[in-house]
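A.B. asks: requesting a structural model of the entry that follows:
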Amino acid sequence: DLPLALSSVLVERLCGLMALVLLTVLGLTLAPVHLPDVIQVAVGMGLVTLLAAGAVLLHPWPRRIVRRVLALPRLAPVMQRLAGFERRIDAYARRPFALTLSLALALAFQLLRVTTVVVGAYALGIDASLTIFIAIVPITILVALLPISLGGLGAREASYVALFGLAGVQPEAALVLALAREAMQLLTTLPGAVLYARSPAPLKARPEP
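C.D. replies: Numbering: from 1, shown residues only. Predicted coordinates:
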């Protein structure tokens, strides 16, 4: 069911990005240091963009406007395919509790990611307030998602050095923290890789005679 798969991925990604931006806003509000204005403006624009995307995705009124704009004969096949997608999105929109729970779980997951960085920082002797991590770590995750490097490699480490440097962390310590966090993330994926390698191969459909 392609519309179901596509709608579930979009809603999950929207909740994840919203959780990251909300944590960043909370951190920027409570952090004892002043991060550059360009970061605050970018975070504010990101929050507005995500709210607008959620409204367009889940509310029928903006989608009616989109359908009118795209009401061209040559786009009729595309609109027919989008009809199934809209039905799946409407099913999400009729379940506000499930959406709220999804957002809450996304916030808990992102807070857990921040916590792993906090524990790593304290293990390395980096002394910074918790609000600093809440403000900076989500930004580094968002930077790593940008299509500017392979898997965020380099961009993530540069953001650690630059942003934690504003909080008084030495560049060498920030770089080691970024590399340690990446190593921990890779190590935690190894059990899944082993299970995947040991799982039986999927059966291929045989052509009918």
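
A.B. asks: which secondary element of the protein has the worst mean pLDDT?
C.D. replies: One helix or strand of the chain scores below all others by mean pLDDT, DSSP states H and E: helix 60-69, with a mean of 72.

A.B. asks: buried set for the following helix or strand past that helix?
C.D. replies: Sequence order places helix 76-93 as the next helix or strand after helix 60-69, per DSSP states H and E. Going by neighbour count (16 or more other CB atoms under 10 Å), the buried part of helix 76-93 is Leu82, Glu86, Arg88, Ile89, Tyr92. (Glycine included, C-beta is placed from N, CA and C.)

A.B. asks: distance from helix 76-93 to the middle of the chain?
C.D. replies: 24 Å (CA atoms, centre = their mean, to the nearest Å).

A.B. asks: could I have the CA atoms of the least confident helix or strand of the chain written out in CSV?
C.D. replies: C-alpha atoms of helix 60-69 as CSV (Å, rounded to 0.1, in the frame of the first residue of the first chain):
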residue,chain,number,x,y,z
PRO,A,60,-8.3,19.6,4.2
TRP,A,61,-8.7,23.3,3.5
PRO,A,62,-5.1,24.0,2.4
ARG,A,63,-5.1,20.8,0.3
ARG,A,64,-8.3,22.0,-1.5
ILE,A,65,-6.3,25.1,-2.5
VAL,A,66,-3.5,22.9,-3.8
ARG,A,67,-5.9,20.8,-5.8
ARG,A,68,-7.4,23.9,-7.4
VAL,A,69,-3.9,25.2,-8.3
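
A.B. asks: report all helices and strands that that helix contacts.
C.D. replies: helix 37-58, helix 76-93 (3 or more CB pairs under 8 Å, 6 or more residues apart in numbering; DSSP states H and E).
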